[in-house]
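[1] Quick check, what structure comes out for this input:
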Amino acid sequence: MIALADYELISIRPGILIVRVENEELKVRIFPIPIHVIKSGENYSVQINMVISVDTNSPKFGEPCSPQNIMTHKGVVPKEVNVIRKPEVEINVEGKEIRVYLEITNLVVYPDFRDSGGSPCVMISWVLFQTVK
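    Numbering: from 1, shown residues only. Reported below is the predicted structural model:
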């Protein structure tokens, strides 16, 4: 039987990336947020949502970030991506400690589209790994 399990959030360690694209250097913070913990027998599966914050050394005005804009334009692959720290979440479920690690698999920058602080839009894909103790 599959069921949602109650969990206690122990810690969130945001991921930090330094990204270089064209003439800009971006600091990307990735906050992994646990949404659900699914229990099937003795197995657990954590579902994660990510919140991304981007700071730039060169803020500019541009069209707002939106799914409609991003879907119709081609992004830029960064020249360089330095992973300072990987995103990680630690939760407690029924007396067991679950650590969730996220590995970034793809990162695309949309320099023509900007958030309210003048930083470019960024799309990130990831895979999730977890350990249960």
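[2] gap between stretch 9-19 and the chain center?
    Distance of stretch 9-19 from its chain centroid, counting by CA atoms, centre = their mean, to the nearest Å, is 8 Å.
[3] next one: stretch 32-50
    Centre-to-centre, stretch 32-50 and its host chain are 16 Å apart (CA atoms, centre = their mean).
[4] same deal with stretch 42-53?
    Offset of stretch 42-53 from its chain centre (CA atoms, centre = their mean): 10 Å.
[5] Now it: buried residues?
    Residues of stretch 42-53 classed as buried by neighbour count (16 or more other CB atoms under 10 Å): 44, 46, 48, 50, 52. Bear in mind the C-beta positions are built from the backbone N, C-alpha and C, glycine included.
[6] how about that stretch as PDB, C-alpha atoms only?
    Extracted C-alpha coordinates of stretch 42-53, given in PDB (Å, rounded to 0.1, in the frame of the first residue of the first chain):
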ATOM      1  CA  GLU A  42       9.400  -0.100   4.100                       C
ATOM      2  CA  ASN A  43      10.500   2.200   1.200                       C
ATOM      3  CA  TYR A  44      10.400   6.000   1.100                       C
ATOM      4  CA  SER A  45      10.300   8.400  -1.800                       C
ATOM      5  CA  VAL A  46      10.800  12.100  -1.300                       C
ATOM      6  CA  GLN A  47       9.300  14.500  -3.800                       C
ATOM      7  CA  ILE A  48      11.200  17.800  -4.100                       C
ATOM      8  CA  ASN A  49      10.400  21.200  -5.600                       C
ATOM      9  CA  MET A  50      13.200  23.700  -6.200                       C
ATOM     10  CA  VAL A  51      13.200  27.500  -5.700                       C
ATOM     11  CA  ILE A  52      15.900  29.200  -7.700                       C
ATOM     12  CA  SER A  53      17.300  32.600  -6.900                       C
END
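[7] Touching, residue 86 and residue 102? I think so.
    Yes: using CB atoms under 8 Å, residue 86 is in contact with residue 102, at 6.6 Å.
[8] Overlap of the contact sets of these two?
    Both residue 86 and residue 102 are in contact with residue 15, where contact means CB atoms under 8 Å, 6 or more residues apart in numbering.
[9] Any chance you could list what contacts the helix or strand of the chain with the lowest mean pLDDT?
    Lowest mean confidence among the helices and strands of the chain (mean pLDDT, DSSP states H and E): helix 67-71, at a mean of 81. With CB under 8 Å, 6+ apart as the contact definition, helix 67-71 has outside contacts at 63, 110, 113, 121, 123.
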